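>>> Fold the following for me, if possible:
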Amino acid sequence: MSLAFQVIEKATSQGKRIATAESCTGGMVAAALTDIPGSSVVVDRGFITYSNAAKIEMLGVAGRTLDSHGAVSEPVAVEMATGSLARSGADVAVSITGIAGPGGSEHKPEGRVCFAVADQDGVTVETIDFGPRGRVQVRAAARDHALNLLLSAL
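Just a heads-up that it's a prediction; the model follows:
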C-alpha cells in the first residue's frame, strides 16, 4: 500500500482535507495524492510556489522572511504551511522548500529540504539533509517524507 494511498485513506476516515505548498518538489506531493482514486474527497488544493514572488503572492510569505532567511529555511516553510492552510479549505497543510540540486552552498547544501505541517493544533517544522544524491532522488525523497509527515499529522 503506497504512502499516498495511506494518507488518502486516513484523511477520508477522519473527514479531513489536505492542502500542499510545494517549491522544490513542484507539485509531486499533490500529484501522488491525486493519483489515488477518490482523492477528490480529501485533497483541497496544491500550491506550486517555485519562485519567491509566488511564495509571497500565493501564500503570504513575508518578503522580510525571505530576505532574512532565504527561501530554503524553516521560517519560510512555516509561513508556506500556514499560508496554505489559511488560503484553503484544508484541515492540514504540508509545505516543502529545498535545494534539489545541482548546486547549493556551504550554508545550504544540495539535498537540504525544509518541511512544515500546519493544522488546528499549530505548526511543526523540520529540516532534512538528504545529501547530494541528485535532483531526481532528492525530490522523490522529499515527496515521500512529506507524505509521511501528512500521515503522522492525521
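>>> Show me what counts as buried in the lengthiest helix in the chain.
If you go by DSSP state H, the chain has its longest helix at helix 135-153. Residues of helix 135-153 classed as buried by neighbour count (16 or more other C-beta atoms under 10 Å): 135, 138-147, 149-150, 153. For the C-beta atoms, the positions are set from N, CA and C on the backbone; glycine is no exception.
>>> Enumerate every residue touching the most centrally placed residue in the chain.
Per C-alpha atoms, centre = their mean, the C-alpha nearest to the average position across the chain is that of Ser95, at 2.4 Å. Residues near Ser95 by C-beta atoms under 8 Å, 6 or more residues apart in numbering: 20-23, 77-78, 80-81, 84, 115-118.
>>> Could you rerun that using 7 Å?
Ala21, Ala77, Met80, Ala81, Ser84, Phe115, Ala116 (C-beta atoms under 7 Å, 6 or more residues apart in numbering).
>>> so where do the helices sit in the chain?
3-14, 28-34, 52-59, 63-69, 74-86, 135-153.
>>> Tell me which of those helices lies nearest to Val123.
helix 74-86 (5.3 Å; C-beta to C-beta).
>>> Need the residues that contact that closest one.
Residues contacting helix 74-86 (C-beta under 7 Å, 6+ apart): 19-21, 47, 49, 55, 59-62, 65-66, 69, 93-95, 97, 114-118, 123, 125, 127.
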